[in-house]
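*Asks:* Okay, predicted coordinates and the sequence, questions at the end:
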Amino acid sequence: MRMLINVPETVVADALRGMAAAHPELTVDVERRVVVRRDAPVAGKVALVSGGGSGHEPLHAGFVGPGMLAAACPGEIFTSPVPDQMVRAAAAVDSGAGVLFVVKNYTGDVLNFEMAAELAEDEGIQVARVLVDDDVAVTDSLYTAGRRGTGATLFVEKIAGAAAEEGAPLERVESVARRVNERSRSFGVALSACTTPAKGGPTFDLPDGELELGVGIHGEPGRERRAMMTSREIADFAVDAVLEDLRPSGPVLALVNGMGATPLLELYGFHAEVQRVLTERGVPVARTLVGNHVTSLDMAGCSVTLCEADEELLRLWDAPVRTPALRWGM
Amino acid sequence: MTETYGAEFLARWLTAAAEDVDREADRLTDLDSAIGDADHGANLKRGFAAVAETLAKEPPGTPGAVLTTAGRQLISTVGGASGPLYGTLLRSAGKALGDEERVGRERLAEAFGAGVEAVARLGGAQVGDKTMLDALVPAAEALRESFAAARAAAEEGALATVPLRARKGRASYLGERSVGHRDPGATSSALLFAALADTAAEEGEEG
């Protein structure tokens, strides 16, 4: 095990202490595990609250700030946070205009946010929820927990966050968030398994020279295992998997995302291949983001998320944002 | 003559369960890493340790209060899916017991039945989906008969998850690849009913 940690039990708290020290523009409650933008609540504006298991950094706490999330609730590694955190976050950021919970579609996150929404409403906070489920590797059927929430979470948080910052009312922010999710699809690929601190070893067995096509951000298996492929072949496979489901009629937002252990050098090379496939398929790309944004600890690999954009979504995407991990225009 | 159980019995059970979960945490995590995300042991260990601590610090006065307190504690500390699900199991069972001072085994069986129903509603699962319900449903049913029968039914139910294909929770993403693995949630549920039977045996009643 080669990990830059003290003991597995304090990994999340240690990271939050470090985040607090690095980002005075955030209020970080290390004990209760809530990260809030310092100027919250912002009068008259809807507040976005998200959260989920830790291990996907910079998601979610790295996206707290003007133009994106008002607060984030980090759980244990790969474990949904508890309702108490979400209720505390909602109470800290609610200006009276209401709170939107951005929830990735995993059983744990869904159940905890559901309980939190009830508790927050008991405290007089108006709460709406949007579920993110963009991972096309999982068949959405009665026989699964439904598609997983992955890269599109960033699009939802950025775009709905911009709508909230503009002063849109809760129903409007919620409908924008829902629209972004409905128009987004992702596909991920693992070149290596990830290592959780508690386990100290790889969470699944991926032999050298093989890759997992359709992997989830917790190392959940995807569609199939194959012998190692080139960046070009992976881009063909991943983009086609997304396009099979999305079929955009206009330009797209593209997120070419690293899983944590893949160097940016490789990721940019992969991005070139993604652009090539999209050009070949006749899909224009309006905006691109390349980097490690929705990660899976030390997993090597990548994911591709495409969102069919329209004028409003592009405008909201371009709107200023100032968070630890995403920052432009201000 | 029917044996009845008070708050201290249920607190002893949950304290014993905390010890068992602590001892078996690595095994639960190993089962979970085969078909889930390798955190079931660590999460339940943290949650039940908090339950044992809370019950020791401020022992509730009735069986129902012990269960609702423990359920709330699990919801507040575990996270993941198992926190709300086990929390709901205990809270709903506790609510079903009301403020009775002492309850018989059959009354407990009824309360757990209500708890199990609440879990099924919350998680949207049913028996055969390869979840904790595969152990909980037969166990609550068998508790009408005896503590030992409940233990055996839970263990049998957990074992019976091995050939099943998961349809709920994170293991469902595996599809056919979930077959051949024992479900971690059903396994921890069996642990709880084993601890209940042990606690009852120490109490000196039946088998």
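*Replies:* The structure has been received and is ready for your questions. Numbers count the residues shown, from 1 in each chain, chains lettered A, B, ... in the order given.

*Asks:* Looks to me like A:L255 is in a helix.
*Replies:* No: counting by DSSP: H, G, I helix; E, B strand; the rest coil, A:L255 falls outside a helix, being strand.

*Asks:* residue ranges of the strands in the stretch 201-330 of chain A, please?
*Replies:* Along the stretch 201-330 of chain A, counting by DSSP state E, counting those that start in this stretch, strands occupy A:210-213, A:224-227, A:252-258, A:285-291, A:301-308, A:321-322, A:327-328.

*Asks:* any chance of those in a markdown table, with distance to A:T10 and mean pLDDT too?
*Replies:* Heads up, the C-betas are built off the backbone N, CA and C, glycines and all. Output for the strands of the stretch 201-330 of chain A, formatted as a markdown table (distance: least, CB to CB, whole Å; pLDDT from 0 to 100):
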| stretch | distance to A:T10 | mean pLDDT |
| --- | --- | --- |
| strand A:210-213 | 30 | 96 |
| strand A:224-227 | 35 | 94 |
| strand A:252-258 | 26 | 98 |
| strand A:285-291 | 27 | 98 |
| strand A:301-308 | 27 | 98 |
| strand A:321-322 | 29 | 98 |
| strand A:327-328 | 29 | 98 |
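
*Asks:* what would these look like in a markdown table with distance to A:V136?
*Replies:* Formatted as a markdown table, these follow (distance: least, CB to CB, whole Å):
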| stretch | distance to A:V136 |
| --- | --- |
| strand A:210-213 | 11 |
| strand A:224-227 | 14 |
| strand A:252-258 | 14 |
| strand A:285-291 | 18 |
| strand A:301-308 | 10 |
| strand A:321-322 | 27 |
| strand A:327-328 | 28 |
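
*Asks:* Rebuild these as CSV, extending it with distance to chain B.
*Replies:* Shown next, in CSV, are those (distance: least, CB to the nearest CB, whole Å):
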stretch, distance to chain B
strand A:210-213, 11
strand A:224-227, 10
strand A:252-258, 19
strand A:285-291, 24
strand A:301-308, 15
strand A:321-322, 28
strand A:327-328, 30
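
*Asks:* can you redo these as JSON lines with mean neighbour count?
*Replies:* Below are the strands of the stretch 201-330 of chain A laid out as JSON lines (neighbours: other CB atoms under 10 Å in any protein chain shown):
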{"stretch": "strand A:210-213", "mean neighbour count": "21"}
{"stretch": "strand A:224-227", "mean neighbour count": "12"}
{"stretch": "strand A:252-258", "mean neighbour count": "25"}
{"stretch": "strand A:285-291", "mean neighbour count": "16"}
{"stretch": "strand A:301-308", "mean neighbour count": "28"}
{"stretch": "strand A:321-322", "mean neighbour count": "18"}
{"stretch": "strand A:327-328", "mean neighbour count": "12"}
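
*Asks:* need the helices for the stretch 151-300 of chain A, in chain order.
*Replies:* A:152-165, A:170-182, A:231-246, A:264-280 (DSSP state H, counting those that start in this stretch).

*Asks:* likewise chain B?
*Replies:* Taking DSSP state H as the criterion, chain B contains helices spanning B:7-35, B:40-57, B:63-77, B:82-97, B:105-123, B:133-142, B:147-159, B:184-203.

*Asks:* okay if I get those helices as TSV plus mean pLDDT, mean neighbour count and distance to A:M259?
*Replies:* TSV is the format used below for these (pLDDT from 0 to 100; neighbours: other CB atoms under 10 Å in any protein chain shown; distance: least, CB to CB, whole Å):
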stretch	mean pLDDT	mean neighbour count	distance to A:M259
helix B:7-35	95	20	18
helix B:40-57	96	22	22
helix B:63-77	97	24	29
helix B:82-97	96	26	26
helix B:105-123	97	20	29
helix B:133-142	98	26	33
helix B:147-159	98	22	33
helix B:184-203	96	24	25
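
*Asks:* How about the residues of the stretch 201-330 of chain A by chain B?
*Replies:* Contact residues (CB under 8 Å from any CB of the partner chain) of the stretch 201-330 of chain A with chain B: A:203-204, A:216, A:218-222.

*Asks:* now, which of the residues you listed sits nearest A:E171?
*Replies:* A:G216 (31.2 Å; CB to CB).

*Asks:* interface residues of chain B facing chain A?
*Replies:* Taking CB under 8 Å from any CB as the criterion, chain B approaches chain A at residues B:29, B:33, B:37-39, B:42-43, B:46, B:75-85, B:122-123, B:165, B:167-170, B:172-175, B:177.

*Asks:* try it again with 6 Å
*Replies:* Contact residues, chain B versus chain A (CB under 6 Å from any CB of the partner chain): B:33, B:37-39, B:42-43, B:76, B:79-81, B:84, B:167, B:169, B:172-174.

*Asks:* Of those residues, which is the nearest to B:E53?
*Replies:* Ranked by distance to B:E53 (CB to CB), the residues of chain B next to chain A are led by B:S76 at 12.3 Å.

*Asks:* residues touching the closest one, list them.
*Replies:* A:82, A:84 (CB atoms under 6 Å, 6 or more residues apart in numbering or on different chains).

*Asks:* okay, now the closest residue to A:A160 other than its chain neighbours: neighbour count?
*Replies:* Once flanking residues are discounted, A:A160 sits nearest to A:A177: 3.8 Å by CB to CB, 6 or more residues apart in numbering or on different chains. A count of nearby residues for A:A177, using other CB atoms under 10 Å in any protein chain shown, gives 27.

*Asks:* before we move on, what about A:P284?
*Replies:* 11.

*Asks:* Kindly report the same for A:F237.
*Replies:* Neighbour count of A:F237, defined by other CB under 10 Å: 21.

*Asks:* Quick check: bridge partners of the nearest residue to it once chain neighbours are set aside?
*Replies:* In space, and not counting its chain neighbours, A:F237 is closest to A:L213: 6.2 Å by CB to CB, 6+ apart. Judged by DSSP bridges, the bridge partners of A:L213 are A:V189, A:E224.

*Asks:* Quick one: mean pLDDT for stretch A:177-193?
*Replies:* Across stretch A:177-193, pLDDT averages out at 97.

*Asks:* I'd say A:E224 and A:E212 touch.
*Replies:* No: counting by CB atoms under 6 Å, A:E224 stays clear of A:E212, with 7.9 Å between them.

*Asks:* separation between A:L213 and B:L28?
*Replies:* Look at A:L213 and B:L28: by CB to CB, to the nearest Å, they are 29 Å apart.

*Asks:* Hmm, I typed the wrong one, I wanted B:A70.
*Replies:* From B:A70 to B:L28 the distance is 18 Å (CB to CB).

*Asks:* Identify the spatial nearest neighbour of the residue nearest the centre of chain A, chain neighbours not counted.
*Replies:* Centroid-nearest residue in chain A: A:T153, 3.8 Å away (criterion: CA atoms, centre = their mean). Leaving out its chain neighbours, the residue that sits closest to A:T153 by CB to CB, 6+ apart is A:V132, at 4.9 Å.

*Asks:* Which residue ranges make up each domain of chain A?
*Replies:* A:8-183+A:315-324, A:184-310 (automatic domain parsing).

*Asks:* Name the stretch among the ones you listed that sits most buried.
*Replies:* domain A:8-183+A:315-324 (a mean of 22; mean count of other CB atoms under 10 Å in any protein chain shown).

*Asks:* and the end-to-end length of it?
*Replies:* 25 Å (CA to CA, to the nearest Å).

*Asks:* and if you look at stretch A:222-235?
*Replies:* End-to-end distance (CA to CA), stretch A:222-235: 16 Å.

*Asks:* Residues contacting that stretch, please?
*Replies:* A:137, A:189, A:209-215, A:269-270, A:273-274, A:277.

*Asks:* Distance from the chain centre to it, please.
*Replies:* 23 Å (CA atoms, centre = their mean, to the nearest Å).
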